[in-house]
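Student: I would like to see how this sequence folds:
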Amino acid sequence: MGGGSSREAASLAGHKRSFYSLCQSWNPGYLGGGKRRRRLERRYSKIADNYRTMEQVTEALAQAGLESSNLIIGIDFTKSNEWTGKYSFDHSSLHQIGNIQNPYERAISIIGRTLSQFDEDNQIPCFGFGDATTHDQDVFSFYHDFRACNGFSEAVSRYREIVPHLQLSGPTSFAPVIEMATTIVEQSGGKYHVLLIVADGQVTRSINTEYGQLSSQEKKTIDAIVNASKFPLSIILVGVGDGPWGMMKEFDDNIPARAFDNFQFVNFTEIMSKDVPNTRKETEFALSALMEIPSQYKATLELGILGHCTEKSPKRVSLPSPIRTPGAKPIPASPTNSSCDDQVCSVCFTNSKNVAFGCGHQTCYECGMILQFCPLCRSPIHTRLKLY
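Tutor: Residues are numbered from 1 along each chain as shown. Below is the predicted model:
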């Protein structure tokens with residue numbers, strides 16, 4: 001019963017320490033050994049943080065040695081998108097389609113414009129995950145015939161067509177879209193690709209996950225990232241919405257056993273909330289997202305994995321698009337007031353609700369102990385009542 005911010009901070013800090021320790025136990029050489037990885041990091045530096053325009057960032061990528069890249073996009077359609085825009089997107093769903101671009105559209109557009117000069121064929125495979133058809137198990141293609149989008153402009157346009165037809169769901173796992181990307185890289189004969197994942201939340205943990213252990217979604221995501229480092233693939237995770245993002249930063253810093261550092265997390269909201277001109281914010285976001293790319297690209301050269309694949313991909317196959325034609329009518333959302341839905345945590349979509357906050361809303365115990373704000377009304381959480 002109860003629980004203040006100090007207890008919550010201590011709980012989260014303990015969780016981070018246990019994650020850090022778990023990474024060490026998985027790979028004892030991760031901190032003490034890893035000589036080859038440290039050599040790569042010393043040899044291939046990041047591009048400097050001294051640019052004012054996106055054109056300068058693009059030029060810096062070319063000067064740093066990036067010759068070509070192929071973009072893959074993965075979009076998070078979990079239900080938490082409906083409430084994690086309270087502070088960062090004017091109380092609206094992060095997937096709100098209107099006269100101004102939502103955070104997903106902005107992130108895709110900025111990265112797409114920057115990388116388009118390096119794309120060989122301008123074809124961008126785009127996938128969604130976390131909706132009621134995919135959950136944490138599959139991805140769906142933006143098109144029913146599984147074709148790629150022709151450039152980032154079509155990717156944004158097709159995204160706007162798809163959103164009204166989706167039922168947001170969960171839980172959150174990045175493993176399916178990462179496995180889809182490695183499959184594409186293998187099918188391309190080992191061409192260098194960049195996977196851009198835009199998401200509003202962290203990988204799901206359930207109440208059944210013991211302290212010091214990883215949830216099923218966390219373990220599968222880490223395994224997918226580790227396996228992806230055997231392919232010429234860079235992974236950029238862009239966090240949109242209100243967060244929190246603490247554990248994603250831990251993922252960025254402490255994932256073990258990789259052939260090279262292939263994962264970069266960028267807090268889109270933090271950058272875009274700065275009181276500077278919009279062009280400056282877009283430049284900083286592009287730089288933050290792409291500054292590791294030259295190092296990662298050159299690492300794939302030294303590792304001998306660029307241009308051919310020595311490893312086997314998961315051979316993942318996507319589901320078809322939820323709509324066949326642009327003119328199709330939106331699918332009505334399923335009722336959300338069923339007794340079953342009422343009993344399931346609206347954060348992880350896995351556990352039963354058993355903790356109530358002072359505002360009256362409920363989640364499961366595991367989610368409730370790490371939240372700072374109610375996921376429904378966004379009121380600060382000062383009191384937690386365990387329900388029996």
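
Student: what about the helices in this protein?
Tutor: Secondary structure of the chain (DSSP state H): helices located at 5-26, 29-32, 35-43, 54-63, 103-115, 151-162, 175-187, 216-228, 246-254, 268-272, 278-290, 293-302, 339-343, 365-370.

Student: just flag whichever of these has the lowest average confidence.
Tutor: Per-stretch mean pLDDT for the helices of the chain is lowest at helix 29-32 (a mean of 37).

Student: If residue 385 is in a bridge, with which residues?
Tutor: Per DSSP bridges, the residues bridged to residue 385 are residue 356.

Student: residues near it, how many?
Tutor: Other residues lying near residue 385 total 14 when counted by other Cβ atoms under 10 Å. Any C-beta I mention is one placed from the backbone N, CA and C, and that applies to glycine too.

Student: does it really touch residue 355, like I thought?
Tutor: Yes: with contacts counted by Cβ atoms under 8 Å, residue 385 reaches residue 355, the gap being 6.8 Å.

Student: circling back: including mean neighbour count, could the helices of the chain go into TSV?
Tutor: Compiled in TSV, the helices of the chain are given as follows (neighbours: other Cβ atoms under 10 Å):
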stretch	mean neighbour count
helix 5-26	14
helix 29-32	12
helix 35-43	13
helix 54-63	17
helix 103-115	22
helix 151-162	19
helix 175-187	24
helix 216-228	21
helix 246-254	17
helix 268-272	20
helix 278-290	20
helix 293-302	21
helix 339-343	9
helix 365-370	20
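
Student: Can you check which of these gets nearest to residue 322?
Tutor: Nearest to residue 322, of all the helices of the chain, is helix 151-162, at 6.5 Å by Cβ to Cβ.

Student: orientation of the closest one relative to helix 103-115 in degrees?
Tutor: Per axes from the mean of the first three to the mean of the last three Cα atoms, to 10 degrees, the angle that helix 151-162 makes with helix 103-115 is 160 degrees.

Student: So which residues make contact with helix 151-162?
Tutor: Contact with helix 151-162 is made by 71, 73, 75, 97, 101, 104-105, 108-109, 111-113, 116, 122, 124, 126, 128, 142-143, 149, 321-323, 326, as judged by Cβ atoms under 8 Å, 6 or more residues apart in numbering.

Student: and those residues, which of them are in strands?
Tutor: The strands, defined by DSSP state E, take in 71, 73, 75, 124, 126, 128, 149 from these.

Student: and which of the residues you listed is nearest residue 220?
Tutor: residue 128 (17.9 Å).

Student: and that closest one, how many neighbours does it have?
Tutor: 26.

Student: partners of it in the sheet?
Tutor: In this entry, residue 128 is beta-bridged to residue 75, residue 140, by DSSP bridges.

Student: you'd agree it is up against residue 143?
Tutor: No: with contact defined as Cβ under 8 Å, residue 128 does not reach residue 143; the gap is 11.4 Å.

Student: list residues touching both of these two?
Tutor: With Cβ under 8 Å, 6+ apart, residue 128 and residue 143 have no common neighbours.

Student: hmm, back to that, may I see the helices of the chain organised as CSV, with distance to residue 239 added?
Tutor: Listed next are these as CSV, based on distance: least, Cβ to Cβ, whole Å:
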stretch, distance to residue 239
helix 5-26, 16
helix 29-32, 24
helix 35-43, 23
helix 54-63, 20
helix 103-115, 9
helix 151-162, 18
helix 175-187, 15
helix 216-228, 14
helix 246-254, 6
helix 268-272, 6
helix 278-290, 11
helix 293-302, 18
helix 339-343, 27
helix 365-370, 16
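
Student: Tell me which of those lies nearest to residue 137.
Tutor: helix 175-187 (6.5 Å).

Student: Check which helices and strands that closest one is in contact with.
Tutor: Helices and strands touching helix 175-187, by 3 or more Cβ pairs under 8 Å, 6 or more residues apart in numbering; DSSP states H and E, are strand 70-76, strand 126-129, strand 193-199, helix 216-228, strand 233-239.

Student: Distance to residue 161 added to those, as JSON lines?
Tutor: Formatted as JSON lines, those follow (distance: least, Cβ to Cβ, whole Å):
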{"stretch": "strand 70-76", "distance to residue 161": "13"}
{"stretch": "strand 126-129", "distance to residue 161": "12"}
{"stretch": "strand 193-199", "distance to residue 161": "17"}
{"stretch": "helix 216-228", "distance to residue 161": "28"}
{"stretch": "strand 233-239", "distance to residue 161": "21"}
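
Student: how about these, which one is nearest residue 371?
Tutor: Checking those against residue 371 by Cβ to Cβ gives strand 233-239 as the closest, at 16.1 Å.

Student: and that closest one, how far out from the chain's middle?
Tutor: How far strand 233-239 lies from its chain's middle: 7 Å, per Cα atoms, centre = their mean, to the nearest Å.

Student: Tell me the strands beside that strand, with direction?
Tutor: Strand 233-239 has these strand partners (DSSP bridges): strand 193-199 (parallel), strand 263-267 (parallel).

Student: Fine by me, we can end here.
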